[in-house]
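Participant: my questions are about this predicted structure, shown below with the sequence.
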Amino acid sequence: MAEPPRPKTPAEKAKEAAQMSGSIEKPGIDGRNSAADRVVEANLYGNHLVAGEVPIMRREGSVVVNVEDTLRSFEDEVDSITFNNSVHNAMRKFARNAVLRKVKGGQSSSSAPDTVSQQRKLQLQQFVQATKVLLLTYEKVYESKEPTDLAMKRMLGPQLQYFVNCMLTKFNFKNRVSVRALKFYADSLLLLGELVKAEEALETAQNIAFQCFNPTDLDLFDILRDRANVLARLGQKEETAGVLEQCITIIEQLDGEDMLSKESELLNELAQVHGNIGNLNYANNLLQRSLSIRESLHGSMSLEICDTLSRLAMLRNKMGEPNQAHSQLQRVMRIQERHDVPRHQFSGTLCNMAAVNAALGDHEKSKVLYQSVLATQERQYGQWYPEIATSLSNLAMVHMALGEYEEAKDCLERTHKIRSRVYGKKHPLVASTLTNLASVVYTMGDMKGAMKFNEDALEIQKACYPDAHPLVAVTLKNMAMIENSTGNLDKAKSLYERVLQMEELIYGELHPAVASTLNNLADTVLEQGETAKAAVLFQRAMETNEIVFGKDHPDIARNLNNLGRAFKEMGDYDGAKSKLMLSLQMKEKRYGEDHINLVPTLMNLGDLFNLTKQPQRAKDVLTRGLKISEKKVGMKHPDSAKLLRLLGNSFYLMGDLATSEKLLNKSLDILEGVYEGDHPYVLATRADLGACSRPVGARVF
């Protein structure tokens, strides 16, 4: 007589139901369970834990699948653990075996209350071991920037998400392990550009740490510091400063040289935040305090002071004091050379020196320094190291300043490839690269290409950042410039007003970014013919910069140049001359008599003298501007072409039509080589050439 069939287990029933419905699946190559397994899990835990995700846990009938042999003695052999398929699979099996009915001596685990307790204990043991493996594996690559390790962290991110979810919702773990898991999870989110989610994870970790840790616990300090870094990237500068000040409060309560070093690091970071807010003098005070701590601990020629000195130098550069910045960076280099710092570790200092040289107008020297850094990094790390993308981006900006637009574009295209490969195509750094590419092709006259790059960047930024973010404002400002250049003045004005409102919300009314947008808005208003309104906006921009920087800052000279242009368009030629001459005097005092920053003012003065029928004076200032431009950026630069055009107009007014035509043709050749299509500068120069056949006096300027 045949034995009656045994009752089917819930797992078998669920699988049979799935087969009848045709929804049975084989596990995928990523280890996902079948649809039937998901039905079982949903019955056990509820759909919110498993629906549509890689399952956190799984029961496999009534048999315990023991995979401890795969990671036998892993606690004693942490250094040998690498992220490979065996570790990965074992780690996941640990998590899935959390709900098991262990049979001891033939007794079913469902028949006795004490066995339920054993099941719970086994479930926790399995989960804790899996969590330890995951965290130990992530910790090995946490500090690394190697492309292979970055890829590993991105792959581990989803696992961390499932474990964190289980910790907080299933087991209600609120301890040091859950804080560390949240910290690593946030790190993996940052690699994916998920800044908002990363900040939320760190805020959760912070709240747990405040509940469970001593107020002076260094793990609490680490979480606060990580959160401050993410808040800074989100553009939430006031919140960043608040969290950093909490960190300083913790460190100030602890004794020891290490704590003083940490305090110095925090002062550096807090100074960076206040520098970005526009509190430059306060930032300088913080850095001086940091430098004092480091010099007292390590001495005035120690490597430990170099970071603070470099930050002070770049702050000085931002404050319009590039000569002082250059002097401080030279001190940094002397210290590093004294300590035989390897060349590839000089890269940060060399990049800072390159930026200062650019501010001093020596773009060729700046280019040589960036190229040196890039060559050293490529030899040291290969072609796909993330920092190489930063060096390429810096080099591209120097090529831009020199009018080498194809070279700039090539650098940024390579930057885009590296960042897309390392971080993924939807990362904020990829968006920043796209905005830089937009600037290059815009300058080359490709307005459609520039707008497409900016639109793609904005799409990424909207997914990563809150609505009011500094980088979103930059992208919108770039789009406004394109609208302005293509004649869509109303749309440009609307975008600039939107950016202005955003920046005032982010920074307040007294900030250099606000002043910059006021200048851009004034330019558009000026082109719309509202000269008086433009002058008011230019004046407001200058007053903002005077409050932030003081009256002797280079930005004030630029503001005076803009005001002079507005007065010129209003027909107030005396007022225009007064502003432009003052701008020129300030620039000469700051930079000397042959700096590239003098060129815009000399150009405006030359145009003013042409308008007031003083062609000889126009010729003198324009010839001076052309010599500076040729020496600093070369004759193929658009500024050289603009000077040639204005100089051609001066010769026309003097009655020398042949020289005028020659200069205008030379200008046109340069402009057509730089810009694509019917760029406004090209059209204006063609119109001037066409007017050369008219008698002097019949042409309107």
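Facilitator: Sure, I can see it.
Participant: just checking, what packs against the strand or helix carrying Thr517?
Facilitator: Using DSSP states H and E, Thr517 maps to helix 512-527. If you count contacts as 3 or more Cβ pairs under 8 Å, 6 or more residues apart in numbering; DSSP states H and E, helix 512-527 packs onto helix 470-485, helix 489-507, helix 531-549, helix 554-570. To be clear about C-beta, it is placed using only N, CA and C from the backbone, and glycine gets the same treatment.
Participant: helices of the stretch 101-250 of the chain, start to end?
Facilitator: Here the stretch 101-250 of the chain has its helices, by DSSP state H, counting those that start in this stretch, at 113-139, 147-169, 176-191, 195-212, 218-233, 237-252.
Participant: the residue nearest the centre of the chain and Glu661, how far apart?
Facilitator: Among the residues of the chain, the one closest to the centroid is Leu429, at 5.3 Å (Cα atoms, centre = their mean). Shown here: Leu429 relative to Glu661, a distance of 49 Å by Cβ to Cβ, to the nearest Å.
Participant: and Ala457, by the same measure?
Facilitator: Distance from Ala457 to Glu661, by Cβ to Cβ: 43 Å.
Participant: please say which of those two ends up with more neighbours.
Facilitator: Ala457 (26 against 17; other Cβ atoms under 10 Å).
Participant: contacts only, for the more buried one.
Facilitator: 431-432, 434-435, 438, 475 (Cβ atoms under 8 Å, 6 or more residues apart in numbering).
Participant: change it to 6 Å
Facilitator: Ala457 makes contacts with 431, 434-435, 475, as judged by Cβ atoms under 6 Å, 6 or more residues apart in numbering.
Participant: check the residues you listed and tell me the two furthest apart.
Facilitator: Across those, the longest distance by Cβ to Cβ is 8.5 Å; it joins Leu434 and Thr475.
Participant: from Asn478, how far out is Gly487?
Facilitator: 17 Å.
Participant: what about the two, which has more around it?
Facilitator: Per other Cβ under 10 Å, whichever of Gly487 and Asn478 has more neighbours is Asn478, with 22 against 11.
Participant: correct me if wrong: the more buried one contacts Glu455.
Facilitator: No: here Asn478 lies out of contact with Glu455, judged by Cβ atoms under 6 Å, at a distance of 10.4 Å.
Participant: joint contacts of the two?
Facilitator: By Cβ under 6 Å, 6+ apart, no residue touches both Asn478 and Glu455.
Participant: mean confidence for the helix or strand hosting Ala687?
Facilitator: In this structure, Ala687 is located in helix 680-691 according to DSSP H and E. On average, the pLDDT along helix 680-691 is 86.
Participant: how far is it from where the chain is centred?
Facilitator: Centroid separation between helix 680-691 and its chain, computed with Cα atoms, centre = their mean, to the nearest Å, is 40 Å.
Participant: contacts for that helix?
Facilitator: Contacts for helix 680-691 (Cβ under 6 Å, 6+ apart): 645, 664, 667-668, 671-672, 675, 699.
Participant: and those, which two are furthest apart?
Facilitator: Spatial extent of those (Cβ to Cβ) is set by the pair Tyr675 and Arg699 at 23.9 Å.
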